[in-house]
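Colleague: curious how this folds, go ahead:
(2 chains)
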Amino acid sequence: MTPALNPGDYVVVDTRAYTRRDPAPGQVVLASDPREPSRMIAKRVAGPDGADGVVLLGDNSQQSTDSRTFGPVHPGDITGRVFWRYWPPARFGPVR
Amino acid sequence: MSLLDRILRPSHTASAHCDGPCGVYDPASARIAAEAVLSMAKKLVDLPESHDVATENTRSRFIAIKEEQAQVAKQELLILWTDYFKPPHLEANPGLHDTFWNAAKLCSQNKVEVNVDAAQALVDTIGEIHNIFWASKSRDDVPFYTAG
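Modeller: So this is what the prediction gives:
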């Protein structure tokens, strides 16, 4: 997910972002990996997939494991929106 | 872990990359870090003896980068050693564990000392690992090279 997210970035997740609205394309979300639900992943929303699924893609398509591998993610498996980075200080600011 | 880190550290960890399923490994990342260590060791040895502020600042920066890149090299080596290499590789390369252990020890030695020979030995050992790694993938088209 570089440069949007780098290894070791500390971020804040809005867990209520999608209680009233759906994940919008372009937003970075925290979700549980459909293949291994205890594992959390951060990916970007590409768009809806039919009625009941969200396609998540990594920013580096060559290196990323994402919906192309594990398919659309159930909206219930999306924990929230990754919206703010607070560490490192040089990169403090919104996650875009 | 420092107090600051304890306060700041998030409660959960998420993967934004693909450790595990992606299967993309390359000793090049360790080699680049080791080359940075070698470069810093050489520059430290060549630095003038003077103790003016500018020289001391430069010296501290070289030391900091040497320390940091030695740690990066060690981490990259550990990923290769523990994630990529599997028991069948060990059968084909009985010296595998010793080679990685030596490489990791050289990373530590390069932190403790300013030692151009040890830094060169680290680069050379990563060259050995490069050869074992690409041979394990039946690739003979990836020569070991250095950027420096």
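Colleague: mind checking pLDDT for the residue sitting furthest away from the middle of chain B?
Modeller: Centroid-distance maximum for chain B: B:Asp52 at 31.5 Å, with CA atoms, centre = their mean. In the prediction, the pLDDT value recorded for B:Asp52 is 96.
Colleague: got the contact list for stretch B:49-64?
Modeller: Residues outside stretch B:49-64 that contact it (CB atoms under 8 Å, 6 or more residues apart in numbering or on different chains) are B:Met40, B:Lys43, B:Leu44, B:Leu47, B:Pro48, B:Val114. No exception for glycine: its C-beta is placed from N, CA and C like everyone else's.
Colleague: buried only: go through those for me.
Modeller: B:Met40, B:Lys43, B:Leu44, B:Val114 (16 or more other CB atoms under 10 Å in any protein chain shown).
Colleague: from these, which two are the most distant?
Modeller: Spatial extent of these (CB to CB) is set by the pair B:Lys43 and B:Val114 at 9.8 Å.
Colleague: near chain B, which residues of chain A are found?
Modeller: Along chain A, the residues adjacent to chain B under the rule CB under 8 Å from any CB of the partner chain are A:1-2, A:5, A:7, A:10-11, A:30, A:33, A:35, A:39-43, A:58, A:63-65, A:69, A:86-87.
Colleague: now, of those, which are buried?
Modeller: Applying 16+ other CB under 10 Å to the residues of chain A next to chain B, the neighbour count classes A:1, A:5, A:11, A:30, A:33, A:40-43, A:58, A:64-65, A:87 as buried.
Colleague: show me the residue sitting in the middle of chain A in space.
Modeller: Short answer for chain A (CA atoms, centre = their mean): A:Val29, at 2.5 Å.
Colleague: quick check on that one: phi, psi?
Modeller: Per-residue torsions, A:Val29: phi -120, psi 160 (degrees, to the nearest 10).
Colleague: hey, where'd the strands end up in chain B?
Modeller: Here chain B has its strands, by DSSP state E, at B:14-15.
Colleague: longest helix anywhere in it?
Modeller: Criterion DSSP state H: the longest helix present in chain B is helix B:53-79.
Colleague: now it: buried residues?
Modeller: For helix B:53-79, by 16+ other CB under 10 Å, it's B:Arg59, B:Phe62, B:Ile65, B:Lys66, B:Gln69, B:Ala70, B:Gln71, B:Val72, B:Ala73, B:Lys74, B:Glu76, B:Leu77.
Colleague: residues contacting the fourth one?
Modeller: Put plainly, it is B:Lys66. By CB under 8 Å, 6+ apart, the contact list for B:Lys66 reads B:Ala36, B:Val37, B:Met40, B:Ala41, B:Leu44, B:Asn110, B:Lys111, B:Val114.
Colleague: nearest to B:Gly127, of these?
Modeller: Of all the contacts of B:Lys66, B:Val37 has the smallest distance to B:Gly127: 14.2 Å, by CB to CB.
Colleague: quick one: contacts of the lowest-mean-pLDDT helix or strand in chain A?
Modeller: When the helices and strands of chain A are scored by mean pLDDT, DSSP states H and E, helix A:67-70 comes last with a mean of 80. Contact partners of helix A:67-70, identified using CB under 8 Å, 6+ apart, comprise A:Asp33, A:Pro34, A:Arg35, A:Lys43, A:Ala46, A:Asp49, A:Val55, A:Leu56, A:Leu57, A:Val73, B:Pro21.
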